Structure formats: C-alpha cells, structure tokens
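# Dropping the sequence and predicted coords here.
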Amino acid sequence: MRLMRDVIRRFLANGAVARQLGEGERLLRNHAAVLQQRDRVAGLIEQCLQSPEWEVRNVGIKLIPVLGEPSLFPRLVERLADRAEAGIVRRNAATAIRDTQYGGDDVRRALFAALHDRYWEVRTEAVGALPSLAEPSAESEAALLALLFGKAAVDHETTPASAFRAARLRERNFEVRAACAQALGALAVSERGLAALCRLSEDSSWIVRFQATIALGELASREGRFRAAASEQMARVRLTPECSVPDHPFRETLSRLRHDISKGNGQGDTERVRSLYLDLKKGWNVVTRT
C-alpha cells in the first residue's frame, strides 16, 4: 500500500518536479541569471528544499552558493545534519558550506559529525571543508584522527604519538584518507598529527602517499619544530605509483619540497606548499593551483 501511495504521489507531482528540475538546472548553467533574479531564485530555492523529491532538494542546495544569500546558509547545515537525507544531498551541502565559507560553532559541529557519515563522499567533502573553516587546534586534529583510526584510539590521552605511526587505519576509502592528509597539513598541532601523516605517507595508495607528503611539508612550514622529523619521513616515502610508471610525474616535486623543508627554505610560506596538492576533482595529475 505504501509503495502504491509513493507511485501515485510521484505521478501527480511529476509535472512540478520536472519544472523545478528544469528551471534549477538552467540557472546552474547560467550564474548571471541567478544574480539578476535574486528574489525569485531565493523563492525557488526555498520551494526546492521543501520538495519530497531528493533530486529537487539537491538542485536547491547547489543553487545556494551560486546565489550567495547568507539567510539561506543555515539550510546547508540542516541538510548536512539530517541523516535521513539522501547521501548526494548531504555531500553537496558539505561542498556548498565550503564554497560559501559559512562558519560558526554549529557549522563546525555539523562537519565533525559528518566525518562519520556512512557515505564516503560526505566524509570526503566534510573533511575538505574543514581547513578553510576551522583553525589548527587539538579539537580539529582529534576529529580527523578519530576518522582515520577510530574514536577509541584517540580517546586514550596516554596513547603515545608513536603508536599512530603503525596503527591500523579504519577508514577504507582512499579518497577520504587523501582528504584527511591534506586537512591534517592545515590543522594538525601535535606529535600525534605528525605521526598520523607519517602513517599516511606509507599508505597503500600512491595518491594518499603523495597528499600526505605534501601535508608533511605544509605542517613543517607552519610549525618549524616539526621540520626535522617531517624531512626525515619524506625521505622514506615510496614514490613509485601502483601503475608502475617508471618516471613518476611528481617525483621531482616531492624531492624539491623535501630539500626546501630540510633547509628551511620558505619557512612559513604555507600557501606555496598548498599549491602542490593534487586536485582530485580535476584528475589525479592536476595540482590544486594550475
């Protein structure tokens, strides 16, 4: 009976859904039109977010950062925090939070909670949003370590940092681990964060190893006290990718970075180091800043 009701509801709403999706997709392709019709688009977004169809809500979420209307930003947190929401909507809500730079304690709490979402793309986007919305802190570092190693491993304050160098990683998705490495480069503050990056720099995925090695460089650039340990670990990183390319395209990049870190060249120039990360949304061989 419930299935029949859902079928009837979708049939009756089909015309409205098609119109909302069509209008939303048109606006997503034409950002200028969004800004020229701010009030109408804001109304459309509210209608989309109230739709029973996740596809329509998803369009509404994607339109929010295009419109840039601050009064709509709390809707992003609501969608991200709603575990009954479709995974793709939660994922795009996390992405939109990063794109809008919408911050605050409630936003940070929602992102920390999303680190343990069942959908790996939500975890990836939540991790990716943290560096621009959170400060380097023990809290941010602990949240990332809990994702990587499990909450139990992080809750024990007496656990030595060295234990994280050989600890079993609980996060199985390599894209989440790669995002964690990059976030730790920006947010880690202790020997534990350094140890986690050392562990990730020995990951089974060369993409994670690469991101973690750049992150070691960023951490060392931010915190000079980690420079020697980071440089030593960077020398141990296995650069050969799983595809066995004889001349790894980033070998020279990592070698030059290690040299600069070991010599203290550009100490404090974290922006330069950040430009070396891969942009996995554009492709495995595209650095963040091109």
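Received the coordinates, thanks.
# in which helix or strand would I find the residue nearest the centre of the chain?
Most central residue of the chain, judged by C-alpha distance to the mean C-alpha position with C-alpha atoms, centre = their mean, is Gly128 at 1.8 Å. Gly128 is located in helix 120-133, with elements delineated by DSSP states H and E.
# Residues in contact with the helix or strand just after that helix: which ones?
On the C-terminal side of helix 120-133, the nearest following helix or strand under DSSP H and E is helix 138-149. If you take C-beta atoms under 8 Å, 6 or more residues apart in numbering as the criterion, helix 138-149 is touched by 112, 115-116, 123, 127, 130, 134, 153-154, 164, 167-171, 176-177, 180, 183-184, 187-190, 192-193, 196, 200. C-beta coordinates here come from the backbone N, C-alpha and C atoms, glycine included.
# where does the stretch 51-200 of the chain have low pLDDT?
Applying pLDDT under 70 to the predicted model, the residue ranges of the stretch 51-200 of the chain that meet it are 156-158.
# where along it do the helices fall?
Ranges of helices within the stretch 51-200 of the chain are 54-67, 73-81, 87-100, 105-114, 120-133, 138-149, 151-155, 174-187, 191-200, based on DSSP state H, counting those that start in this stretch.
# would TSV of these with distance to Gln37 be doable?
Conversion of the helices of the stretch 51-200 of the chain to TSV gives the following (distance: least, C-beta to C-beta, whole Å):
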stretch	distance to Gln37
helix 54-67	9
helix 73-81	19
helix 87-100	19
helix 105-114	27
helix 120-133	28
helix 138-149	39
helix 151-155	46
helix 174-187	35
helix 191-200	46
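# Thr213 versus Ala195, what's the distance?
Relative to Thr213, Ala195 is positioned 15 Å away (criterion: C-beta to C-beta, to the nearest Å).
# between these two, who's got more neighbours?
Set side by side, Ala195 and Thr213 show unequal neighbour counts under other C-beta atoms under 10 Å, the larger going to Thr213 at 26 against 22.
# ok, back up a step: helices or strands next to the helix holding Gly128 in the packing?
Contact here means 3 or more C-beta pairs under 8 Å, 6 or more residues apart in numbering; DSSP states H and E; on that basis helix 120-133 packs against helix 87-100, helix 105-114, helix 138-149, helix 174-187.
# So what touches it?
With C-beta under 8 Å, 6+ apart as the criterion, helix 120-133 contacts 80, 87-88, 90-92, 94-95, 97-98, 101-103, 107-108, 111, 114-117, 140, 143-144, 147, 171, 173, 175-176, 179-180, 182-183, 186-187.
# Quick check on Leu278: phi, psi?
Backbone torsions for Leu278, taken as degrees, to the nearest 10, come to phi -70, psi 140.
# tell me, how many neighbours does it end up with?
19.
# okay, it: pLDDT?
Here the pLDDT value assigned to Leu278 is 91.
# Ala215 - nearest residue in space that isn't next to it in sequence?
Setting aside the residues directly before and after it, Ala215 is nearest to Gly185 in space (C-beta to C-beta, 6 or more residues apart in numbering), at 3.0 Å.
# Please disregard the earlier target; I meant His259.
If the residues on either side of it in the chain are set aside, His259 comes closest to Asn265, at 7.6 Å by C-beta to C-beta, 6+ apart.
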